[in-house]
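# Just the structure for this:
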Amino acid sequence: MLCPCTYTSGGEKMEKKQELKQTKDKAYSAYNGISRNYKQKLLYNLLSAVRSKDRNRFFQIIDQNINGIINTEDQKKFAYQLSQEYENLQGPQFESYAYAIITGILASHDPKDKNQVEDEEK
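Predicted coordinates:
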């Protein structure tokens, strides 16, 4: 028997997966082209905040970071989304959302790694 606290209908589950994919894609777009070293330190700090379940610290880190690099429309949209989502996310929802952001940042490419990415696609 399913625990009522974790049960969601199929439609709700698909909608949440789609929202997480969109979050991942926005993080990817916002951090695509940022250097690997810059992202490495950011990811370490974000993972530390998620592991300790410190939602406030996670959003503080990502907010300071994204506001420091805003140059493109994608980065502006991502910063706006973060400000909208902050109050709504608690517990497991926060963790899923945070890992979607982290996955998007991990998937983004450093322009210096373009040749490496092209080699992997072949």
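
# residue contacts, residue 43?
Neighbouring residues of residue 43 by Cβ atoms under 8 Å, 6 or more residues apart in numbering: 102, 105-106. Yep, even glycine has a C-beta here, placed from its N, CA and C like the rest.

# Top of those by number of neighbours, please.
The most neighbours of any of these, using other Cβ atoms under 10 Å, belong to residue 105, which has 22 neighbours.

# Centre of the chain to the helix or strand encompassing it, how far?
Element membership for residue 105 (DSSP states H and E) is helix 91-107. Distance, stretch centre to chain centre, for helix 91-107: 5 Å (Cα atoms, centre = their mean, to the nearest Å).

# Run through the neighbouring helices and strands of that helix.
helix 10-31, helix 36-51, helix 55-69 (3 or more Cβ pairs under 8 Å, 6 or more residues apart in numbering; DSSP states H and E).

# quick check: mean pLDDT across that helix?
Averaged across helix 91-107, the pLDDT comes to 88.

# Please identify the buried residues of it?
Judged by neighbour count (16 or more other Cβ atoms under 10 Å), helix 91-107 contains these buried residues: 94-95, 97-105.
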